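# Kindly return the folded structure for what I paste below:
(3 chains)
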Amino acid sequence: MSFFYLVAFLSVIFSLMTIFTKNPVHSVLYLVITFFTFTVHYIMLNAQFLAVVNFIVYMGAIMVLFLFVLMLLNLNKDTEPMKSPLVKVMGAIAGMCLLATFLGAFRALEQSDVLIKPHENIGLVENLGKVLFGEFLLPFELSSILLLTAMVGAVLLAKHEKGVKKQHG
Amino acid sequence: MQSLSNRKKVLEQKPMNFWERIYLPAIFKGLSITLKHFFKKIPTVKYPEEVRPYSKNFRGQHSLKRDEEGRERCTACGLCALSCPAEAITMTSAERAKGEENLYREEKYASVYEINMLRCIFCGLCEEACPKEAIYLDGPHVTADYLRKDFIYGKDKLVEPKFDITKLAKD
Amino acid sequence: METAFLLEKLILVVVIFTITLVIAMYSTLAERKIAGFMQDRHGPDRAGAFGILQPLCDGGKFFFKEEIIPAGAHKGLFIMGPVIAIITACISSAVIPWGQTLTFGDTTITLQVAEVNIGVLYIFGVIALGVYGIMLGGWASNNKFSLMGAIRAASQSISYEIGLGLSLIALLMVTGTLSIGEIVAQQSGFVNWNIWSQPLGFIIFVTCAFAECNRVPFDLPECETELVGGYHTEYSSMKLGLYMFSEYINMFVSSALMAALYFGGYNFPFMHDLGLSANWITIIGVLVFFSKIFAFIFFFMWIRWTLPRFRYDQLMRLGWKKLIPLAIANIVLTGVIILIKDTFF
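Take a look at the predicted model:
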C-alpha cells in the first residue's frame, strides 16, 4: 500500500511538472515519466497487458512523435509567440470552469467501501482477449473500424495536395 | 544530339523481373562472394616479423668491405665520390702508419668516410666505380630517424664487422 | 525460500550481465576481424595474440579521452542520452530463456531471469524506450546535424517497429502464447522450429531487426563514413563508447531473440534420443543456444561487409510499402492455414 502512495505521489508530481515547466521538451519528458508511473500502477493492479501496451503505445510511440515535432519547432523564449490578453482571459475562464467541475465532482463523490475484485487475473492477456472477443466484440470491432477510418483519412490528407494539382493541370 | 564519335550507345534500363525486385537472390549472391573471401588466403605479409625474400640485385645500405685478412680494402681514391650523381659521398684520406698493416690493405686509407643517406639514390654507381671492390650496396633498408644529422653515416656504420674466416673453416 | 529465490535470480542476473558485456566487447573485435577476413586482410592483431586484448585497449582509450560537453548543450539530457541507451540495451535480455532447468538435489534453477507471460511485449516496450536515448542525445547536443541524425534514427526505428511487431503477430498466432519461455519450449527437437512454419515472417523479422539495431544496410542513424556521424556527432570519450556499446548489446540481444523465437533457442536435434540426464541436456542446450546466437552475430557482420547502405527514401519505402504489407499478408496467410488445419484435420 505504501508503494502505491509513493507511485501515486510521483505521478501527481510529474504531471504537475509537465504543466509548470517552461521548456516544452522538458514538459514532454515529464509526461513520459508520468506515463511510466501509470505503467507501474497498471502492473500493481495486475493488468500486465494494459501496462505494456501503455508503455509501448504512449511512451514508445506517441510521446516520441510529440518529441519529434517539438524538437523541430525550435521553441525558445525569443521565438515564443506573443500572448494576447484575450488568450489569458480565456485561459482563466477555462481554468475556473475546470475547477468548478472538479468541485462539483468531489461533492457528488461517494465513498465506496466494497472493493470490487471480480477476477484475480482479469488483466492478463488471455482473459482480456476472451473478454474483448466475446462479450465486447461489437464495440471492439467498431473501434477498430474507427481507427481504420482515421488511418484512411490521414492517408488522404497526406495525398490531398497531389490530387488537387492533378485536377488543375 | 548526334554523337561525334558514332560510338554512343544508349543503354536501355529494363524493368526488373520478379527475382530482381525481391532483392533476396542478389543478397545471397553477395553473401556467397564475401564468404568466399572469408576463407581465402590472406596476401598480407606481417612485415617486421615476416620479411619477403629480396631480389638478388637489391641495393640497400652501403658497406665498406674487408679483405680475407680482415683489412679495410678502401684506399680513398675518391672514384666513388666522383661517380656519385647525388654527391652523397665525402672522404678524407690518410697515410697508413707503421704497425697498421693489419688494419688497412693499401698504404693510403680513408680516415673519414661519410655517406649522406638523405642524398643517396642507391643507384650503385659507386659500386661500379670502385677499383678495389671495397664498397657494395648489399645491406638492408636504411632505417628512418628523427634528425638529419643522423642520416650521415660514418665509418662506424659503414665498415663491415670483422669476420674471422678461420672460424668458418673450423665449422 | 524468498531470500534463496532472490539470491538465485541475482546470481543469474550478474552472470547474464557479465556474459552480455563480454560478448558485446568481443563483438567489436569480431566485427573488425571479420571485416578483415572478408576483405582479404588480417584485421587487428597487434594487441595480444590475434588481437585478443584489442577491446580492452579500445575501452581504456575511451575512458582516458577528454570529455567534451558542447557549450550550448543541455547538460542533463546530454548525459542522460547514453545512459538510457545502455540501460535499455541491458534490460532487454531479462526475458530470454537461456536454457531449461538445472537440478541440484532439491533445488531447481530456471535459466531465465523473469518468466513473464508477456515476454514478447516486454521486449517491444524496451525497444520503444531505446529511441529516447538516441533522440535525447541528438537534441541535447544543440547541433543541427545531431538533431537531423536523431530524427533520422527515431523515424527509422518507429517505422520498423511496426514491421517487427506485425511479423511477430503471425508467429504468435502459431504459438498461441506471448511468453518467450513457452515459445522456446514448444520448439523441442528440430522439425518444430518456428522457422519452418514462418519463413516469410522470419525474413521480415530479420530485416526489421537490422533496422532496429541500426546495422548496415540500414545504418543511416550513424553513417561513420558520411552524413556527419549522426546523433552522436557531439559525443566523445566514454559517452560515445556507451552508445556504441549499447548498439553491440542490442545486436547480441536481437540475435538471441531470433535464435529463441525462430530457431528453437536451446533445443537441438535428437535432444531426447541421446539418453542424457536432464542437467546435461540443459548444459548442452545452453551451449547450443549460444552457438546459435554467435551464428546470428556473424550473420549481422557478414551482411555488414556485403551490402551497401540504403538511401533514406529507399529505407522508408522498404519499411512502409514492402515489409508492412508483406507482414500483413503473412498474418492473413497464417490465419487461413490455421483455419484450414483446424477444420479439416
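# What are the buried residues along the longest strand seen in chain B?
The longest strand of chain B (DSSP state E) is strand B:108-116. Using 16 or more other CB atoms under 10 Å in any protein chain shown as the burial criterion, the residues of strand B:108-116 that qualify are B:109-110, B:113-116. Using the backbone N, CA and C atoms, a C-beta is placed for each residue, glycine as well.
# contact partners of it?
Strand B:108-116 is contacted by residues B:62, B:64, B:72, B:74-76, B:88-96, B:103, B:151-155, B:158 when judged by CB atoms under 8 Å, 6 or more residues apart in numbering or on different chains.
# Could you tell me which of the residues you listed count as buried?
Looks like these have B:62, B:64, B:72, B:74-76, B:88-89, B:91, B:96, B:151-153, B:155, B:158 buried, using 16+ other CB under 10 Å.
# Tell me the neighbouring strands of the longest strand of chain B, and mark each as parallel or antiparallel.
Strand pairing for strand B:108-116, determined by DSSP bridges: strand B:89-95 (antiparallel), strand B:152-153 (antiparallel).
# if I pick the residue of the stretch 201-345 of chain C found nearest chain B, what's in contact with it?
Closest residue of the stretch 201-345 of chain C to chain B, CB to the nearest CB: C:Thr306 (4.5 Å). Contact analysis of C:Thr306 by CB under 8 Å, 6+ apart lists B:27, B:30-31, B:33-34, C:38.
# Do a quick rundown of the strands in the stretch 101-250 of chain C.
Along the stretch 101-250 of chain C, the segments classed as strands by DSSP state E, counting those that start in this stretch run C:101-104, C:107-110.
# Compile the ones you listed into CSV and extend it with columns for distance to chain A.
Shown next, in CSV, are those (distance: least, CB to the nearest CB, whole Å):
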stretch, distance to chain A
strand C:101-104, 23
strand C:107-110, 19
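# Tell me the backbone dihedrals of the residue nearest the centre of chain B, please.
With distances taken as CA atoms, centre = their mean, B:Gly60 lies nearest the centre of chain B, 4.1 Å away. The phi/psi pair for B:Gly60 (degrees, to the nearest 10) reads phi -110, psi -140.
# follow-up on the earlier one: now the strands paired with strand B:108-116 in TSV, with mean pLDDT and distance to C:Leu111?
Below are the strands paired with strand B:108-116 laid out as TSV (pLDDT from 0 to 100; distance: least, CB to CB, whole Å):
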stretch	mean pLDDT	distance to C:Leu111
strand B:89-95	93	77
strand B:152-153	93	68
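# Now for C:Leu102: which residues touch it?
For C:Leu102, the contacting residues are C:108-109, C:111, C:279, C:282-283, by CB under 8 Å, 6+ apart.
# Any idea how many residues pack against A:Cys156?
Just to correct that, residue A:156 is Leu rather than Cys. A:Leu156 has 10 neighbouring residues, counting by other CB atoms under 10 Å in any protein chain shown.
# same deal with C:Thr3?
C:Thr3: 7 neighbours (other CB under 10 Å).
# what's the spacing between it and chain B?
50 Å (CB to the nearest CB, to the nearest Å).
# Can you tell me which of the contacts of C:Thr306 is nearest chain A?
The nearest member of these to chain A, counting by CB to the nearest CB, is B:Ile27 at 29.9 Å.
# hmm, the longest helix anywhere in chain B in reach of chain C?
For chain B, the helix with the greatest residue count under DSSP state H is helix B:24-38. Yes. Residues of helix B:24-38 are located near chain C by CB under 8 Å from any CB of the partner chain, namely B:24, B:27, B:30-31, B:33-35, B:37-38.
# Buried ones only from these, please, as a ChimeraX command.
The ChimeraX command for the buried members of these (criterion: 16+ other CB under 10 Å) is given here:
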select /B:30,31,34,38
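# Which residues of chain A lie near chain C?
A:25, A:29, A:32, A:48-49, A:52-53, A:55-56, A:59-61, A:64-65, A:67-68, A:71-72, A:124-125.
# how about C:Ser159, what does it touch?
Contacts for C:Ser159 (CB under 8 Å, 6+ apart) come out as C:211, C:316, C:319-320.
# how near is the nearest residue to C:Phe190 once chain neighbours are set aside to C:Glu182?
Leaving aside its chain neighbours, C:Phe190 sits nearest to C:Pro269 (3.9 Å; criterion: CB to CB, 6 or more residues apart in numbering or on different chains). Computed as CB to CB, to the nearest Å, the C:Pro269 to C:Glu182 distance reads 21 Å.
# Please work out the average pLDDT along stretch C:130-150.
Computed over stretch C:130-150, the mean pLDDT rounds to 85.
# pull the CA atoms of that stretch into PDB?
Output of stretch C:130-150 as PDB, limited to C-alpha atoms (Å, rounded to 0.1, in the frame of the first residue of the first chain):
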ATOM      1  CA  GLY C 130      15.600   2.800 -26.600                       C
ATOM      2  CA  VAL C 131      14.600   5.500 -29.100                       C
ATOM      3  CA  TYR C 132      14.600   8.100 -26.300                       C
ATOM      4  CA  GLY C 133      18.300   7.600 -25.700                       C
ATOM      5  CA  ILE C 134      19.000   8.500 -29.300                       C
ATOM      6  CA  MET C 135      16.600  11.300 -29.500                       C
ATOM      7  CA  LEU C 136      17.600  13.000 -26.300                       C
ATOM      8  CA  GLY C 137      21.300  12.700 -27.100                       C
ATOM      9  CA  GLY C 138      20.800  14.100 -30.600                       C
ATOM     10  CA  TRP C 139      18.600  17.000 -29.400                       C
ATOM     11  CA  ALA C 140      20.600  17.900 -26.300                       C
ATOM     12  CA  SER C 141      23.800  18.200 -28.400                       C
ATOM     13  CA  ASN C 142      22.500  21.500 -29.700                       C
ATOM     14  CA  ASN C 143      23.800  20.700 -33.100                       C
ATOM     15  CA  LYS C 144      21.800  20.700 -36.300                       C
ATOM     16  CA  PHE C 145      23.500  17.600 -37.600                       C
ATOM     17  CA  SER C 146      23.000  15.700 -34.400                       C
ATOM     18  CA  LEU C 147      19.300  16.600 -34.400                       C
ATOM     19  CA  MET C 148      19.000  15.500 -38.000                       C
ATOM     20  CA  GLY C 149      20.700  12.200 -37.200                       C
ATOM     21  CA  ALA C 150      18.400  11.700 -34.200                       C
END
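# For that stretch, what is the distance to the chain centroid?
Chain-centre distance of stretch C:130-150: 21 Å, with CA atoms, centre = their mean, to the nearest Å.
# is that stretch up against chain A anywhere?
Yes. Stretch C:130-150 lies within reach of chain A by CB under 8 Å from any CB, at C:131-132, C:135-136, C:139, C:147, C:150.
# If you count neighbours, what's buried in that stretch?
By 16+ other CB under 10 Å, the buried positions in stretch C:130-150 come out as C:130-141, C:143, C:145-150.
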